[in-house]
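Asker: Dropping the sequence and predicted coords here.
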Protein chains: 2
Amino acid sequence: MAVGKSVTRVDAYEKVTGRAMFTEDLIGRQCYTAKVLHAKIGNGRVKKIDVSRAEALPGVIKVVTFQDVPKHAYPTPGHPWSVEAAHQDVADRRLLTDRIRYYGDDIAAVVAEDEVTAARAIRLIEVEYEEYPVVTDPFLSMKGEGIPIHEEKPDNVLAKSEYELGNVEEKMGQADIVIEGIYETAPVQHCHLENPISYAYMEKNRVVVVSSTQIPHIVRRVIGQALGIEWGRVRVIKPYIGGGFGNKQDVLYEPLNAFLTMQVGGRPVKLEIAREETFVNTRTRHEIFYDLKMGMTREGRIIAKEMEACSNQGGYASHGHAIVANGATAWRHLYDVKDVKAKACTVYTNCPVGGAMRGYGIPQVCFAVESFMDDAAKKIGMDPILFRQKNIYKGFFQDPYLKEIAANTNGVAECMEKGAEWIGWKEKRERYQNQTGNIRRGVGMAIFSYKTGVWPISLEISGARMILNQDGSVQLMLGATEIGQGADTVFSQMTAQTLGMEMDKIHIMSTQDTDVSPFDTGAYASRQTYVTGEAVKQCALLLKKKILDYSVKLLIRREQIPEEEGWQEKLDFREGKVWLLERPLLTIEEIGLESYYSLQESSVITAEVSLQKKQNAIAFGATFAEVEVDVSLGKVKVLNIINVHDSGKIINPQLATMQVHGGMSMGIGYGLSEELKIDSKTGRVLNGTLLDYKLPTMMDSPDLKADFVETYDPTGPYGNKALGEPPAISPAPAIRNAVLHATGVSINRLPLSPQRLIDEFTKAGLLKGGFKHV
Amino acid sequence: MAVGKSVTRVDAYEKVTGRAMFTEDLIGRQCYTAKVLHAKIGNGRVKKIDVSRAEALPGVIKVVTFQDVPKHAYPTPGHPWSVEAAHQDVADRRLLTDRIRYYGDDIAAVVAEDEVTAARAIRLIEVEYEEYPVVTDPFLSMKGEGIPIHEEKPDNVLAKSEYELGNVEEKMGQADIVIEGIYETAPVQHCHLENPISYAYMEKNRVVVVSSTQIPHIVRRVIGQALGIEWGRVRVIKPYIGGGFGNKQDVLYEPLNAFLTMQVGGRPVKLEIAREETFVNTRTRHEIFYDLKMGMTREGRIIAKEMEACSNQGGYASHGHAIVANGATAWRHLYDVKDVKAKACTVYTNCPVGGAMRGYGIPQVCFAVESFMDDAAKKIGMDPILFRQKNIYKGFFQDPYLKEIAANTNGVAECMEKGAEWIGWKEKRERYQNQTGNIRRGVGMAIFSYKTGVWPISLEISGARMILNQDGSVQLMLGATEIGQGADTVFSQMTAQTLGMEMDKIHIMSTQDTDVSPFDTGAYASRQTYVTGEAVKQCALLLKKKILDYSVKLLIRREQIPEEEGWQEKLDFREGKVWLLERPLLTIEEIGLESYYSLQESSVITAEVSLQKKQNAIAFGATFAEVEVDVSLGKVKVLNIINVHDSGKIINPQLATMQVHGGMSMGIGYGLSEELKIDSKTGRVLNGTLLDYKLPTMMDSPDLKADFVETYDPTGPYGNKALGEPPAISPAPAIRNAVLHATGVSINRLPLSPQRLIDEFTKAGLLKGGFKHV
C-alpha cells in the first residue's frame, strides 16, 4: 500500500544535490536577454517616448514600446477558460501600455545580447509623462472622482456581488445582542524562492515558452489571446519550479516574452524578473476591508450575520473579484447560521495588482471572521471554543447555493479538541487571566473551512496518461504541476496504490509540456490531489484492465488457460503479478516484454483519460497559538503553535506535515510582520526588497506542530480533500486572538507589527506617555 | 487532399534559417566532455595500461578503462528486440575492451572539464600491447588459423546460411549455356553530415541520453542491456539529426556515454565522435564477395541460378549476417527462376565493423547480379533490356519462403520502359557500338527489387498519438524519426488526409523522447511510411471517430439534433467540419473549444494506437546511365542518369524526387570513387578523412533525373511502398554496365576508380605500355 505512507519525495535526490533542472539551468548558450521599462509615476500617461539612444547602443537587438504591441486586451488569471462569455475573465491589459495605472507599469522592453546591455538600454529610453493624482485607497477610488483607471469602469469598481439567505434584518431585530466590527488585512507578497523567469523561442511557425509557472496549459491559452494567434501555435514547457504560492497562477510576463522572440526572428530570448520587480510588477495578496455584524442569543447562538467586504485590486483585474467573492462564499460555511448576508466589491486603485495567493481570499476572511468571533465571545464572556462549538456545523452540510460544495466529512470539532488539548487550553486560559506587567501571555485559536478546487464555480478537468514499459515499470504523464509541494510524489503513490505495484516502478515525468502532457489546468485551489488524483486513479484502473486483457490473450497463446470468455473477471493483477486465485501466472516484466516484442501479438499497453470532476469537498482546520507579548516593545513571541487539519485521508503524512509547516510559517508572517507598504501620494512600493519587507526567517520561527484528523471523504479519489493552501489560513487570527487573551486588546488590522501594537496598546491605556510615537 | 501533393517540408524554414536545434545546440552550459582512447594495433590485447598521468592532469574528472566497465557483452544493431532467443542479436562487445579486434578498438575513456583537456589526457594514457597477426581478408580469416577474434567463434565465422529451391544442379545440367562470374564490392562509409554525438545525464535514478540516432527506442533498450539496468530506467531523446543512412541505426557510443555520466554523479557528459573516428569506429557498408552462376536457354531464359556470398564483418557482429542474408533473399525475387540456390557466410576480420547502410545489402547484391546479367546478355548477344524482360516476374509474385513478402503491385517493366525512353536506349545502344579511340560512350542499366520493412523476418510495430487542440489543430506524436528524409512532412500529410483537414492544422512533434513518444522502432528498412504510416492512418481514423462521438453529444446538448442512436453513421467529418449530408453543423474549432472548456461536458479528444504490421510489399526500380569514358585516364563521366521507381503511391512527389536524387548521388559515389582503404598488414584505415576518402561533391554530380511509375499497393496505408533506400541501389551497376557498353570491359569490383579502370583496360588490351602502374 503506497497511499498513506511517508515515502521519500521522488525528487528529493535531484533537489538536494542540485541536479534538478530549473528554467534558468535550461537556457541555451545563444539566448538574448530582455528587460522591461517600468513607469516612474503612479497614475497618468506617456506623452512622449524616445528610444533612439537605446537603439543606438551596441548590443541592443530590438526595442519595443506600447506603440508596437497588439492593440487588444487580454486577461491574465490562471482560471480555466470558459466557452460562456459570462464565465470569462476580465481582459484589461495589453503587453505594454502608455496609460500608466500603477507605479511600475510596463511601457517598453529591450532585447539585447546580454543583461548589462539590456539594463543600460532601459536607462537610455526617455519618457515624458502626463501625471494624474494617485489613489491607493479603494473607498476613495470608488467615488470615481478622477480619470477612470480603466475607461470601461468609470467608478473604478471592477465588480460587485451580494447575496442574502433568509431574512437578516428581521433576525437581527430578534437578537439579544448585536455586535459589529471592522477588520482589515494588509497586502503581502508571495516571496517564492525562484523569481518568475521564462525564455521563449520559435519552432516552425509556433512560439515556445519555457517558464516557471504553476499553470502551463493556461499560459498557453493566454499567450494565444495576448498575441492574437491560434492557441495551437503556442507551446509552453514547465520545468522544476522554485515555488509559486499563487503568484505563478497568473500569466505574468510569458506573453511579452513570446512577443519578443517573434520580434527577433524566433531567436531565444530570456526574460527574468528581478526580486525587486516581483514586489511591484507581479501580484500581491489583496488588501481587503471587512465590516461585519452578528446577532446572537444571550446563550451565544448566532442567529444572523452580515458582511460587507471591499477589496483593493490595484491597477489591473487579474484574479479580481474572485478573491473577495471566495471569502463571501466561505461566510456561508463553517458556522450554522441560516440568515446570512454578504456584499462584496472589488475596486481598481493605483496599487500593485492583487492576485491569487495561497488561500485565495480565505486567509483574509478568516482573519476578519475569527477575530470577530473572539471579540463576540469576549463580549458575552464565553470561552471562544465553547462559542464556536455552539455555532459550527456538525457533520454533513452543503452550500445552499452551490450544492456540490459539501462537507461530506467534517472533522472541525475534533480539530478543535486536538488543538485545545495539545496547547493546554483550559489550564492556560485560566492561568493567563488578569495578567498585569509588561510581559504577558495568552492562548488563542481560530478555525476555518476551505473548499477543494473550483467546481461548480468554474471548470474542473484533468488528464493522465500511462505507458507500460518493457521492464514492467510505468511512465506516468500529467498536466498537473509539481511546484515544490510534492505533487509528483503523491501522484506516484496513487498510481502505485491503484496498480498494486512498487513505487520504484513508477516513473513520473515532472516536466509539463503543453504539446505532450495531458490537459490539466494546473496547481491552484488545492485541487490537484482531489481532481487530478481522480484522473490518476481512473487512468490506473484503465491500464490495469488493459494489462489483464493482454494477459488473457498471452495466457491463451501459451496454452496456460483455455480459450473462453470471462477470464478478465477471474484473474487479478496485484503485487506486479497476474493471479488466478492464489496462483501467480505472469509477472508484469513478462507482460511488458511480450507487449513490445512478441512476434505473435505486439501492442504496447497505454492508457489515457481526460475527465471532468463535478464534485467539491470542504476541508477544515484549526490553529492554536500561545504567545508572549512584550507590551512596551510591542513584540509578540509565538511560544507554541499547532495546526490541526481535516483534509480527509492523508496520502503522505510526512509531506503533509511539511506542507502544514510551510503554511504555518506563511501564516505567522501574515499575522506578525509582513506588509507591502505603498506610498499613498505616489503609489510607489516603499519596502520592495527582501531587506525591507519583513518576511520571517528561520530565526523568527517557533517550533511548528502539525496534526491531522483523518476522515475519508467519499468524493476524494483516495478519501482526500484540500491540503495545499489551508495551513496558511488560520495562524494569523489565532495569534491575534492570543494577543487579545494576553492583553485584552483587539487588533483589527494585520500585521500585528510592533508599531501597530504600540499604537493600539497606547490607545487602550496599557502604555502611557513616553512610548507614543511621533 | 494532402497525400500526393508536393507540400513544403514542415521543417524547411527551421533548417534553412539554422533555427532547427540539433543535439550539439541543446547541450547546456555545464557539460563535461568525454573522449575515447582507441587502440593503436589491429589485433591483440592490452598487456598493461597506466592512466595515472592522465588522472593527474588538472581538469580531468574521471578516467575509465576496460577494467571498470560491466563484464557482460551486449548487441548493438538497430533491430527490434525479440522475446525469442533465436531472434536476438549477437552480443559480442563490451563498453571498453582489452581484447583489440580492429585498429581503433575502444580501450579507455576520459571525462574532463573541456575538450582540450580530454584530448590531452587521452594522449597521457600509456598502453602496452601484445600483438597478434592482422587478418583483413575474410577468406583467410575463416581458415581459423590464428587466435579467434571472438572466443565463441573459433573459425571466425559469425554465421552461415543457405537455401535451395527446386533442383539447381539438375537444371544447370539442362541449360544451353552456363555462365559464372565473381563480383566484389568495396567497404564504404555513410558520410552523414552530422557526426554521431550524444550527451548524457542522470535524472532521479535514471539515465538520460540525448543522441543523434535513427532509433531512440532501440537505443534505450541497448543501453539497458549494456549497463545491466532495467530498460525503464533509461530515457533517450532524439532531436533533429543531420543524416544517418543506417550508421545511426546502430547503437554506437550511447551506452558508453550513459556509463560515463553515471561515473560522475549524473553530471552531463558530452561524447562527440570526430569525423576521423566515424571512418574507423562507427560502421561501414560490408565488403561482400559474390560467386554467381546461371544456366540459360539459348533464347535467354534463365532456368537455374546459384550464389555464394561471403561478407567481411570486421571486428564486431553489429548487424552481421542479416546484411548478406538480405541479399541472398533478394536473389529469389525480381527474376522468375524456380530453381535457385544461395549460400552466404559472414566472417569476422580485423577490419572496421560492417553495419547497416542505405539498402542493407541490396546495393551489394544488385551490383553483383545486375553486372552478371549484363555479362550474360553480352555473352548471348542479347540486348540487356530484352534479356531482363524475358526473365523478370510480371505482376504479382511472392517469396516462396516468406509469403508475406509480395509484389502486390509490380511496375518494374514500366520502370525499364520509362528509363529506356528517357535515355534514348535503342538509338544509343546502336550508335555507341564498335567505338574506337580514347573517348568512348556507352549506356547501361540495372534494375532491383527491395522489400519494405522487416516483417516477417523480424517484428514490425509502430505507434501514433494525436491530441485535438483548443483551436481545432492537432498534435501528432510518433516514435518514428525524421532523419532528414522528410518523414515529419509525409506523416503530417497522411494525418491531414485522413482527418480531412488542412496541413497547417497538423503540428507534428519532431523530437522523439522514449518517455513520451509512442513506441516505434525507428528509421530503417524504408519502413516508416509503410509501417508507421499505418499507425498514423488508424490513429487518425480513431480520432475522427472520437470527434464525431463528441460532436453528437454536443449537438444533442445544443438541441441541434434529437437524442437518438445512430448519429455517428449519419454525420461526416471532413474539411474541418461536421456535416449532416451537405449541411455543416459544427466546425473543428468549436469542437476543440467545447471539449476543453464546456462546463457541461469537458473531455479532451485524444487517440493513440500501437499496432503490429504483418505485411510486406516489394518496391522496384531501374537506373539508366549514359557515360563517357576517357580510356587513357581511366575516367568515367556520367553524362545522363535516371532512376525510375515503383514505390507505390508517391505521398509527396517533390520530397520523393529529392530522396531519389540523394540516393543516386550516393550510388554514383559507390560506383565510381568511394572505397575505405584498409592496410592489410596493420588493419589501419588509410583514407579516413573527407580529404582522402573520395566522396563525390556537387561538382562531380551530373544532373540527376528522377521519375516514378505510380502503382497503388493494397497493403500500404496510402498505397505506398519503400522509397527511402531504393534510390541508392542500382546506379553503380548501371554505370558499370554503361562502361561495359562503352569499352567492352567488365569491371567486377567496385569502385570504378581511375586506377582500377587503367588496370582493367590494360589487362583487356585497350591500353598498352606506358600506362601500366608500378
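Answerer: Structure's in. What do you need?
Asker: hey, which helix is longest across chain A?
Answerer: Longest among the helix segments of chain A by residue count, using DSSP state H, is helix A:533-557.
Asker: That one vs chain B: in contact?
Answerer: No: on the criterion CB under 8 Å from any CB of the partner chain, helix A:533-557 is out of touch with chain B, staying 10.4 Å away. For glycine as for every other residue, the C-beta is placed from the backbone atoms N, C-alpha and C.
Asker: Off-centre distance for that helix?
Answerer: Here helix A:533-557 is found 35 Å from its chain centre; the criterion is CA atoms, centre = their mean, to the nearest Å.
Asker: in it, what counts as buried?
Answerer: A:533-540, A:542-544, A:546-548, A:550-555 (16 or more other CB atoms under 10 Å in any protein chain shown).
Asker: Please work out the average pLDDT along that helix.
Answerer: In this model, helix A:533-557 has a mean pLDDT of 97.
Asker: per-residue pLDDT, whatever residue of the stretch 301-450 of chain A ends up closest to chain B?
Answerer: Closest residue of the stretch 301-450 of chain A to chain B, CB to the nearest CB: residue A:404 (11.9 Å). Residue A:404 carries a pLDDT value of 95.
Asker: how about it, what does it touch?
Answerer: Residues near residue A:404 by CB atoms under 8 Å, 6 or more residues apart in numbering or on different chains: A:398, A:455-456, A:614-616.
Asker: What about these, which one has the most neighbours?
Answerer: The most neighbours of any of these, using other CB atoms under 10 Å in any protein chain shown, belong to residue A:616, which has 28 neighbours.
Asker: Distance of that one relative to residue A:417?
Answerer: Distance, residue A:616 to residue A:417, using CB to CB, to the nearest Å: 26 Å.
Asker: cool, and residue A:128?
Answerer: Distance of residue A:128 to residue A:417, computed by CB to CB: 65 Å.
Asker: neighbour-wise, which of those two wins?
Answerer: A direct count of neighbours by other CB under 10 Å for residue A:128 and residue A:417 places residue A:417 higher, at 17 against 10.
Asker: Report pLDDT for the spatially closest residue to residue A:138 that is not a sequence neighbour.
Answerer: Closest residue to residue A:138 apart from its sequence neighbours, by CB to CB, 6 or more residues apart in numbering or on different chains: residue A:347 at 3.7 Å. Looking at residue A:347, its pLDDT is 98.
Asker: in its sheet, what does the strand or helix carrying residue A:347 sit against?
Answerer: According to DSSP states H and E, residue A:347 maps onto strand A:340-348. Using DSSP bridges, the strands paired with strand A:340-348 are strand A:157-165 (antiparallel), strand A:302-314 (parallel).
Asker: Can you name the element that comes right after that strand?
Answerer: strand A:354-355.
Asker: Show me what the helix or strand following that following strand packs onto, helices and strands only.
Answerer: Next helix or strand after strand A:354-355 toward the C-terminus (DSSP H and E): helix A:362-379. The contact analysis (3 or more CB pairs under 8 Å, 6 or more residues apart in numbering or on different chains; DSSP states H and E) places helix A:362-379 against strand A:177-184, strand A:287-296, helix A:321-330, helix A:384-391, strand A:439-451, helix A:653-672, helix A:731-743.
Asker: which one of those lies closest to residue A:240?
Answerer: helix A:653-672 (16.3 Å; CB to CB).
Asker: Okay, angle between the closest one and helix A:731-743 too, please.
Answerer: With axes from the mean of the first three to the mean of the last three CA atoms, to 10 degrees defining the directions, helix A:653-672 sits at 60 degrees from helix A:731-743.
Asker: mind listing what the helix or strand just after helix A:653-672 pairs with, with the direction of each?
Answerer: Sequence order places strand A:705-708 as the next helix or strand after helix A:653-672, per DSSP H and E. Using DSSP bridges, strand A:705-708 pairs in its sheet with strand A:635-646 (parallel).
Asker: The partner strand: how far from the chain's middle?
Answerer: Offset of strand A:635-646 from its chain centre (CA atoms, centre = their mean): 21 Å.
Asker: With stretch A:382-395 instead?
Answerer: Put simply, stretch A:382-395 sits 28 Å off its chain's centre (CA atoms, centre = their mean).
Asker: Could you tell me the average pLDDT over it, please?
Answerer: 98.
Asker: Give the buried residues for it.
Answerer: A:382, A:384-385, A:387-388, A:390-393.
Asker: Test my guess that residue A:684 contacts residue A:103.
Answerer: Yes: using CB atoms under 8 Å as the test, residue A:684 is close enough to residue A:103 to be in contact (4.6 Å).
Asker: Of the two, which one has the most company?
Answerer: Neighbours per residue (other CB under 10 Å) separate residue A:684 from residue A:103, with residue A:103 holding more: 25 against 21.
Asker: who's in contact with that one?
Answerer: A:39-42, A:134, A:280, A:350, A:682-685.
Asker: Repeat that for residue A:209.
Answerer: A:198-200, A:219, A:223, A:234-237, A:254, A:257-258.
Asker: If we ignore the residues flanking it in sequence, what's nearest it?
Answerer: residue A:200 (4.4 Å).
Asker: would that neighbour count as being in a strand?
Answerer: Yes: applying DSSP: H, G, I helix; E, B strand; the rest coil, one finds residue A:200 inside a strand.
Asker: ok, residue A:134 - contacts?
Answerer: By CB under 8 Å, 6+ apart, the neighbours of residue A:134 are A:42-43, A:103, A:350, A:680-683.
Asker: one more time with 7 Å
Answerer: Residue A:134 sits next to A:42-43, A:350, A:681-683 when contact means CB atoms under 7 Å, 6 or more residues apart in numbering or on different chains.
Asker: Make TSV out of the strands paired with strand A:340-348 and add mean neighbour count.
Answerer: Listed next are the strands paired with strand A:340-348 as TSV, based on neighbours: other CB atoms under 10 Å in any protein chain shown:
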stretch	mean neighbour count
strand A:157-165	16
strand A:302-314	24
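Asker: Out of these, which is closest to residue A:482?
Answerer: Here strand A:302-314 is closest among the strands paired with strand A:340-348 (CB to CB), at 29.6 Å.
Asker: helix/strand/coil for residue A:134?
Answerer: coil.
Asker: and the gap between it and residue A:281?
Answerer: From residue A:134 to residue A:281 the distance is 17 Å (CB to CB).
Asker: And residue A:619, by the same measure?
Answerer: With CB to CB as the criterion, residue A:619 and residue A:281 are 33 Å apart.
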